[in-house]
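**Student:** Predicted model and sequence follow; I will ask about them next.
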Amino acid sequence: MSAKVKTMARKGASLQERLYLIEIFKGMATTFGHFFRNLLDNRKLYVRHYPEVQPEIPVRWRGRHRLTTHADGTVKCVACFMCQTNCPANCIMIEAGERLDGKTEKMPVKFTIDLLECIYCGYCVEACPLDAIRMDTGIFSVTGNNRESFVMELPELLATPGAYSEEEYKKGGA
Amino acid sequence: MSPLDIFMFVARVAFAAFVPLCFIAVCVWMERRGAGYFQDRSGPNRANIFGFRAAGLVQNLADAAKLIFKEDVISGHIEHKFYFVLAPVIVFFTALVSFAVVPFADTLVLGGKSYIMQGIPLDLGILWFLSFVGFSVYGIILAGWSSTNKFGVLGALRSAAQVISYEIPMGLAIVSLLVVYGTVNLNEIAQFQGKFLFGFIPMWGAVLQPIGMVIFIIAAFAETNRTPFDLAEGESELVAGFHVEYSAMKFAIFFMGEYVAMFASSAMIVTLFFGGYQIPFLSTATLISQAKPVAFLLMIIIPVVMYYFTGWIRRSNVSHYPRENDPRVFEATVYIKCFWGLVIILEVLLLAILFSASGGPSAHIFVVLLQVCTFLLKITMMIFVYIWVRWTLPRFRYDQLQKLGWQMLLPLALLNIFITSAFVVALS
């Protein structure tokens, strides 16, 4: 089976195009149109005035992680190491311990995510059998003054709330 | 020498030396804000002093402070440190000196003495400009070579290739101009352009020599290393080209040299093709005799223009998102008051012209100032064209530039000389 060949007409061969200056003036007219429109009314600039105006983050955006909790506020995670095993960047470090409140047998004593290593692929969320880790905080800008501030520990991960309601999150396809 | 002589001397030299330097700030500002507006973004608009942003001009101060306080690195691998330091000096100095012969106003006659309004009162004119502009490329080649860096050497090589492709068409375009004007003295050239063709069209170089103008402007773009001919510093191919090893103030001097060169060549284009300091339809003699009506007309025009300008400031200088007690409105109010203060000062000065003796020294000085303003306005417009072209056209490959120079511009320039000479011979 032969490939379908479409011959494209080459531009730039006509006299008007070969004179070059006419085409330059056309281009300059286009750019000047943009300049003049923006000069007259600078509200027409295609600019978001960040950081005063924040962008809208959609539900499926993979933001900073958080750990979800049961209704009574205890951690859902059972320290199964699925996310840590699945993580391509090796940024999750879990230390498991015995759980004494009778919900499950295991729970994480330490749950550390190094955000400098994380590539925000979302595999940890997909791997989690208990929906214990999510990336729905809507935080897209993580800044800090030192490396240590980028290492998220268990209390911090538990404390961050999700940015969306449960219905919205489910509708997002998670 | 009388005190007036000394004052005029100092004023002239100061004008020729400091106005290009002041225009660096204006050029950089126009470039960055202009680039923003051409690309539908806003450009630098955050840097401020106590909330006053001066439409982004404060960014220049911040940049200058940064560049001055940065460490001035000379890498260990550079063998010829003297040439390495000399190169930016050559680029900057030649650019600044090339402006010195450009007349910024007609000859001023005060107390029976005439003062030529040029930085250096030379008759060389165009030749001086050509020689210094041709010299500036040595700075670039020296910079690229002495950096001992592949990218630097490639940039220098491209610059050398560029110079052989544009210098000859530029020189030939000027030859045809000289045939028309019959002089190399820029002041005489500007005076020539005050005359009229068929009694009503100003005899500007652009009217008499349209082909020469196109060739000269293309060559001037190449000569100032501006897009579309900035191949010596193509950042996508050569990192930064000839100035890749330069940092801090040495880089800043290259940068300033580029803008001074842009100013000087704009001044040259304006002087050769757009009537220099001449106000269309108002020659120097007419202006001096009619100083009072002109001053009266300006007294009416300036407030009207300022009224619309303040309206524009009021509309533009606001925050584009909901904000309580928008500080930018206060900022705009202050600017508007400053501008109206300026207008009042101007009005008082113009009123003084109205009440002074007609045809006296005050009228002469008034006309000179008017011509200086006209000249600077024309230069600003030409600089805008430079910026406009930069944000419209992509860069040429250097073989394309050579092809353009040798196969298109050179025959065109020769043809232009032939036609011009035939016309001049036939008419004389």
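**Tutor:** Arrived safely. Numbers count the residues shown, from 1 in each chain, chains lettered A, B, ... in the order given.
**Student:** Low-confidence ranges, chain A, go.
**Tutor:** Low-confidence segments of chain A (pLDDT under 70): A:1, A:173-174.
**Student:** Tell me who's in contact with B:L130.
**Tutor:** For B:L130, the contacting residues are B:M170, B:G171, B:I174, taking C-beta atoms under 8 Å, 6 or more residues apart in numbering or on different chains as the criterion. In short, each C-beta sits where N, CA and C put it, glycine included.
**Student:** So it versus B:P210, what's the distance?
**Tutor:** 21 Å (C-beta to C-beta, to the nearest Å).
**Student:** Contacts only, for the spatially closest residue to B:K195 that is not a sequence neighbour.
**Tutor:** Distances taken as C-beta to C-beta, 6 or more residues apart in numbering or on different chains place B:M203 nearest to B:K195, at 4.6 Å, with adjacent residues excluded. Each residue near B:M203 by C-beta under 8 Å, 6+ apart is listed here: B:F192, B:Q193, B:G194, B:K195, B:F196, B:L197.
**Student:** Could you do A:K76 as well?
**Tutor:** A:K76 is in contact with A:L67, A:T68, A:T69, A:H70, A:L130, A:D131, A:A132, counting by C-beta under 8 Å, 6+ apart.
**Student:** What residues does the closest residue to it other than its chain neighbours make contact with?
**Tutor:** Distance criterion C-beta to C-beta, 6+ apart; nearest residue to A:K76, sequence neighbours excluded, is A:A132 at 3.9 Å. Neighbouring residues of A:A132 by C-beta under 8 Å, 6+ apart: A:L67, A:T68, A:V75, A:K76, A:C77, A:V78.
**Student:** Of the residues you listed, select the buried ones using a PyMOL command.
**Tutor:** The following PyMOL line selects those of the contacts of A:A132 that are buried, judged by 16 or more other C-beta atoms under 10 Å in any protein chain shown:
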select buried, chain A and resi 67+68+75+76+77+78
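**Student:** B:G134: which of the contacts of A:A132 is nearest?
**Tutor:** Distances from those to B:G134 were compared by C-beta to C-beta; the smallest belongs to A:L67, at 70.0 Å.
**Student:** Tell me the bridge partners for the closest one.
**Tutor:** A:I133 (DSSP bridges).
**Student:** That one and A:L157 touch, don't they?
**Tutor:** Yes. Applying C-beta atoms under 8 Å, one finds A:L67 in contact with A:L157, separated by 4.4 Å.
**Student:** Mutual contacts of the two, please.
**Tutor:** Listed as contacting both A:L67 and A:L157 by C-beta under 8 Å, 6+ apart are A:F111.
**Student:** For chain B, what lies in contact range of chain A?
**Tutor:** B:34, B:36-42, B:214, B:312, B:315-316, B:319-321, B:323, B:388-389, B:391-393 (C-beta under 8 Å from any C-beta of the partner chain).
**Student:** please redo it, this time with the cut-off set to 10 Å
**Tutor:** For chain B, the residues in contact with chain A under the definition C-beta under 10 Å from any C-beta of the partner chain are B:33-43, B:45-46, B:214, B:218, B:228, B:312, B:315-323, B:384-385, B:387-394, B:404, B:408.
**Student:** State the number of residues packed around B:F84.
**Tutor:** Neighbour count of B:F84, defined by other C-beta atoms under 10 Å in any protein chain shown: 21.
**Student:** Wait, it touches B:I74, no?
**Tutor:** Yes. With contacts counted by C-beta atoms under 10 Å, B:F84 reaches B:I74, the gap being 6.5 Å.
**Student:** Find residues that contact each of those two.
**Tutor:** For the pair B:F84 and B:I74, residues contacting each of them under the criterion C-beta atoms under 10 Å, 6 or more residues apart in numbering or on different chains are B:E245, B:Y246, B:K250.
**Student:** Columns secondary structure on top of those residues, output as a markdown table?
**Tutor:** Converted to a markdown table, these look like this (DSSP: H, G, I helix; E, B strand; the rest coil):
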| residue | secondary structure |
| --- | --- |
| B:E245 | coil |
| B:Y246 | coil |
| B:K250 | helix |
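**Student:** so which of these comes closest to B:E233?
**Tutor:** For the shared contacts of B:F84 and B:I74, the residue nearest B:E233 by C-beta to C-beta is B:Y246; the value is 11.0 Å.
**Student:** Spatially, which residue comes closest to that closest one, not counting chain neighbours?
**Tutor:** Counting by C-beta to C-beta, 6+ apart, the residue nearest B:Y246 is B:F254, at 6.2 Å.
**Student:** What is the neighbour count of that neighbour?
**Tutor:** Around B:F254 there are 22 other residues, counting by other C-beta under 10 Å.
**Student:** in the lengthiest helix in chain A, what's buried?
**Tutor:** Of all the segments assigned as helix in chain A under DSSP state H, the longest by residue count is helix A:21-40. Going by neighbour count (16+ other C-beta under 10 Å), the buried part of helix A:21-40 is A:M28, A:T31, A:F32, A:H34, A:F35, A:N38.
**Student:** tally of neighbours for the nearest residue to the first one once chain neighbours are set aside?
**Tutor:** It stands for A:M28. Nearest residue to A:M28, sequence neighbours excluded (C-beta to C-beta, 6+ apart): B:T392, at 5.0 Å. For B:T392, the number of neighbouring residues by other C-beta under 10 Å comes to 19.
**Student:** tell me the strands in chain A, going along the chain?
**Tutor:** Secondary structure of chain A (DSSP state E): strands at A:66-67, A:92-98, A:106-114, A:133-134, A:151-152.
**Student:** Just the C-alphas of the longest one, formatted as PDB.
**Tutor:** What follows is the C-alpha trace of strand A:106-114 in PDB, where atoms were taken according to Å, rounded to 0.1, in the frame of the first residue of the first chain:
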ATOM      1  CA  LYS A 106      -0.500  -1.200  60.000                       C
ATOM      2  CA  MET A 107      -0.100   2.500  59.700                       C
ATOM      3  CA  PRO A 108       2.700   4.800  58.700                       C
ATOM      4  CA  VAL A 109       4.900   6.200  61.500                       C
ATOM      5  CA  LYS A 110       6.700   8.300  59.000                       C
ATOM      6  CA  PHE A 111       5.500   9.300  55.500                       C
ATOM      7  CA  THR A 112       8.000  11.500  53.800                       C
ATOM      8  CA  ILE A 113       7.700  13.000  50.300                       C
ATOM      9  CA  ASP A 114      10.700  14.900  48.900                       C
END
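**Student:** That strand - contacts with which helices or strands?
**Tutor:** Identification of packing neighbours for strand A:106-114 by 3 or more C-beta pairs under 10 Å, 6 or more residues apart in numbering or on different chains; DSSP states H and E yields strand A:66-67, helix A:82-86, strand A:92-98, strand A:151-152, helix A:154-159.
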